[in-house]
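Engineer: predicted model and sequence below, questions to follow.
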Amino acid sequence: MYIGIIGRKNDDKITFNKEIIDVIKKYGFTPLGIIVDFEKENEFIKVKPLIDLCSCFILQGGSDYYDIDIEITKYLHQKNIPTLGICLGMQTMAMAFNGIMADIDNHKSDKLYVHEVNIDKNSKLYNIIKKDNIMVNSRHKSYIINTDLKVSGKANIIEAIEDTDKYFFIGVQWHPETLMDESSILLFNNFFSSAKYQKN
């Protein structure tokens, strides 16, 4: 089964996060990297057949999102394709549902653990992780002020969002693919299990 990933624009290159690719392979799935022209109109029509091949989707981190990212995110939500948003991927999910984003300083760190995140007990994220709070890393330049999606994790900013009515539609501000600790593994276990359920 394929796990979809949209390439991120990085100067004149399209990039894919190797740690995410490695996690996908570790769970026995095939990563399907989708390259889009971020400036071209009607690009969604071209990539839609590739998206439809995917059992689920990871919206990876990056520097900037584009209109096509929003369009793809809304389609994944509409079709109930299990989706995990990471860092910018989470922000893109939030922005697709009336989000407000702002720049932030001092939230980029190379340390493995940087701060604590409090998990809402009435959330799918809590049902997966089974903890009131977890320690996470922090590598982002922007943050979400508000969104119509449910906020399931907070520190001094929004750290996790979700739609509990979907198989799996969760975004986290941190990078679980780097941590791969107990909470990260539980999150990935649930995500990839939802992909199998979706196609059975």
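Structural biologist: Yep, that arrived.

Engineer: wait, Lys150 sits on Ile161?
Structural biologist: Yes: between Lys150 and Ile161 there is a contact under CB atoms under 8 Å: 6.4 Å. No exception for glycine: its C-beta is placed from N, CA and C like everyone else's.

Engineer: counting neighbours, go ahead and name the busier of the two.
Structural biologist: When Lys150 and Ile161 are compared for neighbours, Ile161 comes out ahead with 27 against 18, by other CB atoms under 10 Å.

Engineer: which residues does the more buried one contact?
Structural biologist: Residues near Ile161 by CB atoms under 8 Å, 6 or more residues apart in numbering: 85, 90, 93-94, 144, 147, 149-153, 170-171.

Engineer: which strand or helix spans the residue nearest the centre of the chain?
Structural biologist: Residue closest to the average C-alpha location in the chain (CA atoms, centre = their mean): Gly85, at 0.7 Å. Using DSSP states H and E, Gly85 maps to strand 83-86.

Engineer: repeat that for Ser194.
Structural biologist: Per DSSP H and E: helix 182-199 holds Ser194.

Engineer: show me what that helix is packed up against.
Structural biologist: Applying 3 or more CB pairs under 8 Å, 6 or more residues apart in numbering; DSSP states H and E, one finds that helix 182-199 contacts strand 54-59, helix 124-129, strand 169-172, helix 176-179.

Engineer: can you lay out the ones you listed as a markdown table showing mean pLDDT?
Structural biologist: Shown next, in a markdown table, are these (pLDDT from 0 to 100):
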| stretch | mean pLDDT |
| --- | --- |
| strand 54-59 | 97 |
| helix 124-129 | 98 |
| strand 169-172 | 98 |
| helix 176-179 | 98 |
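
Engineer: next, format the ones you listed as JSON lines and append mean neighbour count.
Structural biologist: Converted to JSON lines, these look like this (neighbours: other CB atoms under 10 Å):
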{"stretch": "strand 54-59", "mean neighbour count": "26"}
{"stretch": "helix 124-129", "mean neighbour count": "20"}
{"stretch": "strand 169-172", "mean neighbour count": "27"}
{"stretch": "helix 176-179", "mean neighbour count": "21"}
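
Engineer: now distance to Tyr75 too, for these, in CSV please.
Structural biologist: As requested, those are exported to CSV (distance: least, CB to CB, whole Å):
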stretch, distance to Tyr75
strand 54-59, 10
helix 124-129, 21
strand 169-172, 12
helix 176-179, 23
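
Engineer: out of those, nearest to Ile157?
Structural biologist: Nearest of the helices and strands packed on helix 182-199 to Ile157, taken as CB to CB: strand 169-172 at 12.4 Å.

Engineer: what distance do you get for the residue of the chain most remote from its centre to Tyr66?
Structural biologist: Within the chain, Glu41 marks the point farthest from the mean C-alpha position, 24.1 Å out by CA atoms, centre = their mean. As judged by CB to CB, to the nearest Å, Glu41 and Tyr66 stand 12 Å apart.
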